[in-house]
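Trainee: Build me a model:
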Amino acid sequence: MRFLIVLASIILIPVLVLAHWWIYDEELKPALASRALGELARVGITNGDVKLDNLDVTISGTAHDVEMRQRAASSVRGINGIHFVERNNLIVVPARVDARVDGQQLTLSGWLPDERSVQTVIRVVGEFRPDLTVDARTLRISPFVIASEDGTGDITPKHRLLKPILASLRTPASFAIRKSGGTYFLEGALPSAAAKQAVIEATQDNPGGWTVDTSALIGAPHIQDAVFTKSNALPLFLKSYFSVPTPGTLSFNDDGAPRIVADATREMEAEWLALLRGVSGAAKVDAVLTIYPSVYQLPGYRAESVVADGTLTPVVDALKQTAVHFDAAANVLTPEEEAELVALAPLLVQCGPGLQLVLSGAGGGDAESPATHQARCEVVKARLIALGLSASQMEVLDIGALHPQAPVQVDPAKESGARVEMLVK
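Mentor: Below you'll find the model as predicted:
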């Protein structure tokens, strides 16, 4: 009997093992897996998964940071009935970089897989915003962090980590021209070094010889495009704007509309407004222009004649104080005016053949015709030819007074009378 009992017990051992195995597999194992999965969810793990191999558990999923990953492991390790080792922790932490700007400091924080990734992020951000100081002390590394879903791939400016950061670091484009004394200041921010250089080149070769200060103008990729930066329209306008004796100022209103304040001729006005269409887009141009009959009458006009050294300034100054006056009833030079031209002629002749003069009739009342003004100019021109100048050195124009104020005369009555004024072209 004893033998039969022992034999039956031996035979029943595999049955009992199979029964225990079935109970564990059908009841205990799902309960343990469910409890472990619940712990992962409680901690905050997303896409969590639990696999049990006998009593050994493997967990996986996505954590926000390494600390969350560690909390998940501790929670699972505390469950009775399963065996957990660190190598079975397959939870990953997606790489994350956050950025905060305080004044001129950019603080980077988050998680990256290695030091190489940290240095790459610092380099890319630093090149994008060289004007900011980068603080990456809170940008940490861990081998459990993955930079991409498959764990591979270099970090570039187009990487999911950096693309939104670089976008948030962009600043609006701006541009303005202001004048102080004899210097024009170009200020603002353009979206590239090439755009900045194009603007500088458009303003450098100006006939007025004005100093252009560009120290407050930057060109960098972190500057957003604007309507006035999307083509070459701004440099084209500035090339024309700075080709005049005295350029004006330029600014942009809140709606992107350009505003210019300048002295101009009608020809300049038409040209500038046409060029500004490409600068303003759909916005309306605000042009505050003081119109003058010719370029020679613009404030700040500078002579372009090529003359002998040291001779230009005396002639320019003399012509500002000289006018040839006529009797309203006759286009004949009086002895007094004749003497004035004779005294002026040596100054003109010593300038050499490169001297170019403009003659224009002025005064005499609104009723006088252009033909009368021209006739008086021709009288003066003929006398200057007789005194040694060439006819090719003089141009007669009917554009009124050439100087802001009538040349000073001893006789006040002559100030508004019929006269011919001259300037160096």
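
Trainee: So Ile155: helix, strand or coil?
Mentor: With DSSP: H, G, I helix; E, B strand; the rest coil as the basis, Ile155 sits in coil.

Trainee: wait, isn't it in contact with Ile146?
Mentor: No. Ile155 is beyond contact range of Ile146, at 11.9 Å (criterion: CB atoms under 8 Å). (Glycine included, C-beta is placed from N, CA and C.)

Trainee: Looking at those two, which has the bigger crowd around it?
Mentor: A direct count of neighbours by other CB atoms under 10 Å for Ile155 and Ile146 places Ile155 higher, at 23 against 19.

Trainee: pLDDT value on that one, please?
Mentor: The model reports Ile155 with a pLDDT of 80.

Trainee: for the residue lying closest to Ala375 once chain neighbours are set aside, what are its contacts?
Mentor: Nearest residue to Ala375 in three dimensions, chain neighbours excluded: Asn331, at 5.0 Å (CB to CB, 6 or more residues apart in numbering). The contact partners of Asn331, by CB atoms under 8 Å, 6 or more residues apart in numbering, come to Thr372, Ala375, Arg376, Val379.

Trainee: Do you know the pLDDT at Val212?
Mentor: Per-residue confidence (pLDDT) for Val212: 93.

Trainee: Can you list phi and psi of it for me?
Mentor: Backbone torsions of Val212, given as degrees, to the nearest 10, read phi -120, psi 120.

Trainee: what does the one 10 residues further on give?
Mentor: Note on His222: its backbone torsions stand at phi -80, psi 0 [degrees, to the nearest 10].

Trainee: what does Leu273 give?
Mentor: Dihedral angles for Leu273 - degrees, to the nearest 10 - are phi -60, psi -40.

Trainee: Low-confidence ranges, the chain, go.
Mentor: Along the chain, the model assigns pLDDT under 70 to residues 1-29, 149-153, 366-367, 406-416.

Trainee: do you know how far the most centrally placed residue in the chain is from Tyr296?
Mentor: The chain has Leu190 as the residue nearest its centroid, 1.3 Å off, counting by CA atoms, centre = their mean. Distance, Leu190 to Tyr296, using CB to CB, to the nearest Å: 35 Å.

Trainee: Let me see the contact set for Thr203.
Mentor: Contacts were defined as CB under 8 Å, 6+ apart; by that measure Thr203 touches Tyr184, Leu186, Val212, Leu238, Lys239, Tyr241, Phe242, Pro247.

Trainee: Narrow the residues you listed to those in strands?
Mentor: Assigned to strands by DSSP state E, the following of the contacts of Thr203 qualify: Tyr184, Leu186, Val212.

Trainee: what would those look like in TSV with distance to Asn89?
Mentor: Below are the ones in strands among the contacts of Thr203 laid out as TSV (distance: CB to CB, whole Å):
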residue	distance to Asn89
Tyr184	66
Leu186	59
Val212	64
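
Trainee: any idea which of those residues is the one closest to Ala63?
Mentor: Of all those, Ala63 sits closest to Leu186, with 51.4 Å by CB to CB.
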